[in-house]
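Participant: Give me the fold of what follows.
(2 chains)
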Amino acid sequence: MTSLHHGPGEEEIMAYLDGELDAPAADQVGRHLETCAACAGLAAGLRETSSRMRQWDVASAPAFTPKVRDIRSGRGWWRRVPARYAAVAALLVGAAGASWMWRSAERGQESLMVSMGGAEAPATQAPLAYAERLDKATEVNARMPAVSSRAAAQVPEAASGPLLVRTGRLMLSATDFEAARKRFEAIVAEAGGFMGQVVISGGPRDRRSLSATVRVPSSQFERTLAALRAIGVVTSESQNGEDVTQQSVDLDARLGNARASEARLKTILEQRTGRLSDVLDVEREISRVRGEIERMEAERKNLDGRIQFAAIEVTILEEQKASLDLGPLPLSTRFRNAFVNGWTSALSGVVEAGLALVGVLPILLILGMVLTPIGLWVRRWFHRRPASA
Amino acid sequence: MLQTLTTARASISDEDLMVQVRDGAPGAFEALFERFREPVWRFFRRRVTDQARAEELAQDVFAALFEAGPRYEPRAPFRSYLFGIAYNVLMAARRKGTPDARDPLDPEATAGSSNDPDAALWVRQALSRLDADDREILMLREYEQLSYQEIADLRALPLNTVRSRLFRARAAMKEALLS
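Facilitator: Residues are numbered from 1 along each chain as shown, chains lettered A, B, ... in the order given. Below is the predicted model of the structure:
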């Protein structure tokens, strides 16, 4: 706002609009505003600001009551209570006090039983004063409709049961690998499932194996496992059920909030005009929220898929085949085999001998180092001994 | 008879009504409560994030008013007296660091307090850019409709200071609303 140096000041104009000026000053400012466009513009701007601020209106007060049990204002109210009413009130208070003391004694007895190893006493709280209990009842009653509506709005729909992601692992051994494989594929098809990753290894002369991950409807999980067990001999099995109920509820809540945010931002974008930078900020925020929504929707879809379809890892191993029967060999082959075998044996013997020698060599060296000086000394001693006469 | 009494009470000034509360007139406090229940509620609802907490603080104000009744002397306008109590209750709650009593102009506060969430959002965002003291003076003027003198009494400020800060706050508010 620009500074005005003629007539009333800016603050005076503001005070005029707020009704804060005395009559003569207000009259003077009012007449000035009729003739000065600049001051009138200032006044219009102030009025517009106030008008915009009043757009922030809050909802009406809920039906709360003051925290005052007996709303009899001022002192000395008890003096106006007739004596007979006071006597009845005193009797009631006395009866209530006696009842409280009796219940306290009971609770004390229960505590004593607990300390002596008796039945566990229920949790108790210090009893409230009569006035406090009535205050609380008044407050609770006053708030009940608001609390109920708030609670109803916040509590989500009760789930029909826990949401589980079922997984299983099964390892089988089968004598007839081909028949087992066909039976496996038929079981999966009957259950309404589908094959994930399938790996088959081994040739006609080798032990063949099949490893596969299948997805079957969760309702068919147990039945499918039972059918798969019958394919061959079970060598290993495991099952797992992961409770994803909380994860699902949280995801739905976050997704709902994000969608609501997106809707609000779009409304703001449509209804408001402002600087280009603000518009771009809102659009950027909308893009970010949309990205989050799409990511959560993908997560939702993946979670739904895992819940609806159980995963089973199946491994089928072909049982070990009998030893090969090659039939009679030609004579030349037999001579060649015999020569090769003999040569192999001879070489292996030499190698073994060499290895043995190398193995004992360190010991021989040590013995040599120890025994050689002893032997030399003995020999020298025999040479020096005088010949017997 | 009751209607006559009610009609008569409606024409009594706030100060006289509070004097009746002090003197123990039956129904005076209820009349005062009904007269100021909405303004006190709105005072807290614009300054406290949680509705239940705002309700509690409003109840505390009337409880404090009731307890102070015997000592009341009409030295100042009742509105400034009442909102002075409300302001003290609010400051005490904020000093305790209660999250629900924090400024609803915080970016994290929801806009659930208003009938028009978008308008509230714009106004709250603009208010959040103001100096805290200037903002409070502006809100006391615009929403609680306190006079300059009442604001000065409540905030313990000179009258001229209130006027200049109010003008400054309105100028900043206009700028914030236009940006």
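
Participant: B:Leu146 belongs to a strand?
Facilitator: No. B:Leu146: not assigned to a strand; according to DSSP: H, G, I helix; E, B strand; the rest coil it is coil.

Participant: who are the neighbours in contact with the nearest residue to it once chain neighbours are set aside?
Facilitator: Leaving aside its sequence neighbours, B:Leu146 sits nearest to B:Leu140 (Cβ to Cβ, 6 or more residues apart in numbering or on different chains; 4.8 Å). (C-beta placed from N, C-alpha, C; glycine too.) Listed by Cβ atoms under 8 Å, 6 or more residues apart in numbering or on different chains, the contact partners of B:Leu140 are B:83, B:146, B:150-151, B:154-155.

Participant: again, only this time at 10 Å
Facilitator: B:Leu140 makes contact with B:43, B:80, B:83, B:87, B:146-148, B:150-151, B:154-155, B:162, B:166, according to Cβ atoms under 10 Å, 6 or more residues apart in numbering or on different chains.

Participant: So which of the residues you listed belong to helices?
Facilitator: Counted as lying in helices by DSSP state H, out of these, are B:43, B:80, B:83, B:87, B:148, B:150-151, B:154-155, B:162, B:166.

Participant: Just put these in CSV and tack on pLDDT.
Facilitator: Formatted as CSV, those follow (pLDDT from 0 to 100):
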residue, pLDDT
B:Phe43, 94
B:Ser80, 85
B:Phe83, 92
B:Tyr87, 91
B:Tyr148, 94
B:Glu150, 89
B:Ile151, 92
B:Leu154, 87
B:Arg155, 87
B:Val162, 95
B:Leu166, 96
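
Participant: For B:Arg75, give me phi and psi.
Facilitator: phi -90, psi -20 (degrees, to the nearest 10).

Participant: quick revisit: so what pLDDT did the residue nearest to B:Leu146 get?
Facilitator: We have a pLDDT of 94 for B:Leu140.

Participant: what does A:Arg47 give?
Facilitator: 94.

Participant: how many neighbours does it have?
Facilitator: 11 (other Cβ atoms under 10 Å in any protein chain shown).

Participant: Can you name every helix or strand that the helix or strand harbouring it contacts?
Facilitator: A:Arg47 belongs to helix A:37-53 when assigned by DSSP states H and E. Counting contacts by 3 or more Cβ pairs under 10 Å, 6 or more residues apart in numbering or on different chains; DSSP states H and E, helix A:37-53 packs against helix A:10-17, helix A:23-35, helix B:117-128, helix B:132-142, helix B:159-178.

Participant: Confidence-wise, which of these is weakest overall?
Facilitator: helix B:117-128 (a mean of 84).

Participant: JSON lines please, covering the contacts of B:Leu140 and showing neighbour count.
Facilitator: Below are the contacts of B:Leu140 laid out as JSON lines (neighbours: other Cβ atoms under 10 Å in any protein chain shown):
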{"residue": "B:Phe43", "neighbour count": "26"}
{"residue": "B:Ser80", "neighbour count": "20"}
{"residue": "B:Phe83", "neighbour count": "24"}
{"residue": "B:Tyr87", "neighbour count": "19"}
{"residue": "B:Leu146", "neighbour count": "23"}
{"residue": "B:Ser147", "neighbour count": "18"}
{"residue": "B:Tyr148", "neighbour count": "22"}
{"residue": "B:Glu150", "neighbour count": "22"}
{"residue": "B:Ile151", "neighbour count": "24"}
{"residue": "B:Leu154", "neighbour count": "25"}
{"residue": "B:Arg155", "neighbour count": "18"}
{"residue": "B:Val162", "neighbour count": "24"}
{"residue": "B:Leu166", "neighbour count": "23"}
